[in-house]
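> Just to be clear, the model below is a prediction. Sequence and coordinates:
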Amino acid sequence: MSNPIRIGIVTVSDRASLGVYQDLGGPAISDLLHEILSCNFETVAKIIPDEQPLIESTLKELCDVEKCCLVVTTGGTGPAKRDVTPEATEAVCDKILDGFGEQMRAISLKIVPTAILSRQIAGIRGSTLIINLPGKPSAIRDCLLAVFPAVPYCIDLIDGPFLTTHESIVVAFRPKKK
Amino acid sequence: MSNPIRIGIVTVSDRASLGVYQDLGGPAISDLLHEILSCNFETVAKIIPDEQPLIESTLKELCDVEKCCLVVTTGGTGPAKRDVTPEATEAVCDKILDGFGEQMRAISLKIVPTAILSRQIAGIRGSTLIINLPGKPSAIRDCLLAVFPAVPYCIDLIDGPFLTTHESIVVAFRPKKK
Amino acid sequence: MSNPIRIGIVTVSDRASLGVYQDLGGPAISDLLHEILSCNFETVAKIIPDEQPLIESTLKELCDVEKCCLVVTTGGTGPAKRDVTPEATEAVCDKILDGFGEQMRAISLKIVPTAILSRQIAGIRGSTLIINLPGKPSAIRDCLLAVFPAVPYCIDLIDGPFLTTHESIVVAFRPKKK
């Protein structure tokens, strides 16, 4: 039996990392991934403060050392001074995929007009797809479900493992070979 | 009574700054802000040519010296060589909020297909939100009304003053505290 | 009679440039341009591998030497390692027009959820508009038809020639003069 696919989850929050606030975002992502994915996988979870160098080193570790094919962050994407998750993500990525941020904001905008304040992005580092999600569990769900149909094929294209989904939750789209 | 909230308005136009063309954009923004806002505020208006260093220094002055919590520009966002307002805005901002440009273009696209030519952006400099608007008064109105529901909360998040609106025109959205 | 308007078409594909794969994207663009445009024009077509320096030099040549007012690329816009067309485009452009990529992804997203993986952009180099299109002929058609109503006016604004269209296919939008 093959090794499980590895997926990183990074909660970026000053308060959660100090323990003064319970991390709700990380467990929400983990639960949702278990709902979505039908393949064998395990998660590697981190809770860190809103410090750009630390976010960058955590992302690099999850990509390069822990060999996660997907890393999902929660928190730190707003306009406030301490919000630096997109900056850290951009700094460690080879390519930015603007379509993820656009679609996540478009989906969130149907729910709250403040969706335009979110700077969440996604990008590629080596063979890893990194996706920023918002901090709030309900927004995490809306955003990740919106983009997930494209995630397995994206990971195929960057030479990652073959992800499969529970089709009642998410139908993974893979174009027919040319 | 507290000091009025300060809002900068910058008309960027070679012709308007030379006086060969009446500035319609600046007054349109001022009128619209008076329609929208129910709090005590005053505007600081500038009319300058399409010169990137001058746009940058004007934006910095309105943010850092005039202590405006919001600066709105009009003009200079197209593809022409002299259009450099977004470049100047990006140069002085700490963070860019892509959602503003996306939403303003999406709204304008329902009216004119050339909306995709607009490069208007928004960003944060310190405790100031800077928003680029188009040059045409009707497009100014469409764009500013589209994004304004998110503006007061954005200014809360960057430690600015508490803006209130006339709810018949714009309902300011503030999420409930976590 | 005036010289024909010149339009560059660049197929970016390792396999097509080696001849192991027939170039379908370039001819699809050429055919579509003949459907759309009613003005006198000629195309300058290139087929090159996914090498960033070569894409950059090809784009520069088509803009600066061949004097194309419009250059359209196909291929190389995905998340894979060899996909570098947007990087090359950004490197040679003076301005990026985010609205093109946003609209092309929004249109494609109605057809396939993997549209968010496309990093296609458009930008201005001197008096040339450069537009990245996807590789697949049907997606080329969807994307180019979606943005073309804004293309003639964009080329007006950068001091290019006056493009006219067959209005049964594309209605070119030009705002009335202020």
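Nice, I can see it.

> Sheet-wise, list the partners of the host helix or strand of A:V71 with their directions.
Element membership for A:V71 (DSSP states H and E) is strand A:70-74. Strand A:70-74 pairs in its sheet with strand A:5-12 (parallel), strand A:128-133 (parallel), by DSSP bridges.

> Other residues contacting the helix or strand hosting A:I140?
Element membership for A:I140, per DSSP H and E: helix A:137-147. Defining contact as CB atoms under 8 Å, 6 or more residues apart in numbering or on different chains, one finds that helix A:137-147 is touched by A:24-25, A:28-29, A:32, A:36, A:72, A:74, A:100, A:103-104, A:107-108, A:111, A:120, A:122, A:131, A:133-134, A:169-170, C:116. Yep, even glycine has a C-beta here, placed from its N, CA and C like the rest.

> and that helix, which residues are buried?
A:P137, A:A139, A:I140, A:R141, A:D142, A:C143, A:L144, A:A146, A:V147 (16 or more other CB atoms under 10 Å in any protein chain shown).

> So what angle separates the directions of that helix and strand A:128-133?
140 degrees (axes from the mean of the first three to the mean of the last three CA atoms, to 10 degrees).

> need the next SSE after helix A:137-147, C-terminal direction.
helix A:151-157.

> Check chain A for the residue nearest chain C and tell me.
With CB to the nearest CB as the measure, A:G99 is the residue of chain A nearest to chain C, at 3.2 Å.

> Provide the contact partners of the helix or strand containing that residue at residue level.
A:G99 is part of helix A:98-109, with elements assigned from DSSP H and E. The contact list for helix A:98-109, computed with CB under 8 Å, 6+ apart, reads A:115-116, A:118-122, A:131-134, A:139, A:142-143, A:146-147, B:98-99, B:102-103, B:106, C:98, C:101-102, C:105-106, C:109, C:115-119.

> Can you name the residues that contact the spatially most central residue of chain A?
Nearest to the mean C-alpha position of chain A, by CA atoms, centre = their mean, lies A:V72 at 2.2 Å. The neighbourhood of A:V72, defined by CB under 8 Å, 6+ apart, consists of A:I7, A:G8, A:I9, A:V10, A:I29, A:L33, A:I130, A:I131, A:L133, A:L144.

> could those be laid out in TSV, adding distance to B:R15 and pLDDT?
Output for the contacts of A:V72, formatted as TSV (distance: CB to CB, whole Å; pLDDT from 0 to 100):
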residue	distance to B:R15	pLDDT
A:I7	56	98
A:G8	54	98
A:I9	54	98
A:V10	50	98
A:I29	53	98
A:L33	56	98
A:I130	46	98
A:I131	45	98
A:L133	46	98
A:L144	49	98
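
> From those, list just the buried residues.
By 16+ other CB under 10 Å, the contacts of A:V72 give A:I7, A:G8, A:I9, A:V10, A:I29, A:L33, A:I130, A:I131, A:L133, A:L144 as buried.

> Could I get those in a markdown table, plus columns for distance to C:T164?
As requested, the buried ones among the contacts of A:V72 are exported to a markdown table (distance: CB to CB, whole Å):
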| residue | distance to C:T164 |
| --- | --- |
| A:I7 | 53 |
| A:G8 | 53 |
| A:I9 | 54 |
| A:V10 | 53 |
| A:I29 | 52 |
| A:L33 | 53 |
| A:I130 | 45 |
| A:I131 | 44 |
| A:L133 | 47 |
| A:L144 | 46 |
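
> How many neighbouring residues does the residue of chain A closest to chain C have?
Around A:G99 there are 26 other residues, counting by other CB atoms under 10 Å in any protein chain shown.

> Over to A:E167?
9.

> That one and chain B: what is the separation?
30 Å (CB to the nearest CB, to the nearest Å).

> coming back round to it: with respect to B:Q52, which of the buried ones among the contacts of A:V72 is nearest?
A:I130 (33.1 Å; CB to CB).

> Check the secondary structure at A:E61 for me.
State at A:E61, reduced to three classes by DSSP: H, G, I helix; E, B strand; the rest coil: helix.

> Mind pulling up the pLDDT for it?
With respect to pLDDT, A:E61 scores 98.

> ok, A:I96 - how many residues close by?
Neighbours of A:I96 (other CB under 10 Å): 19.

> No further queries at this time; thank you.
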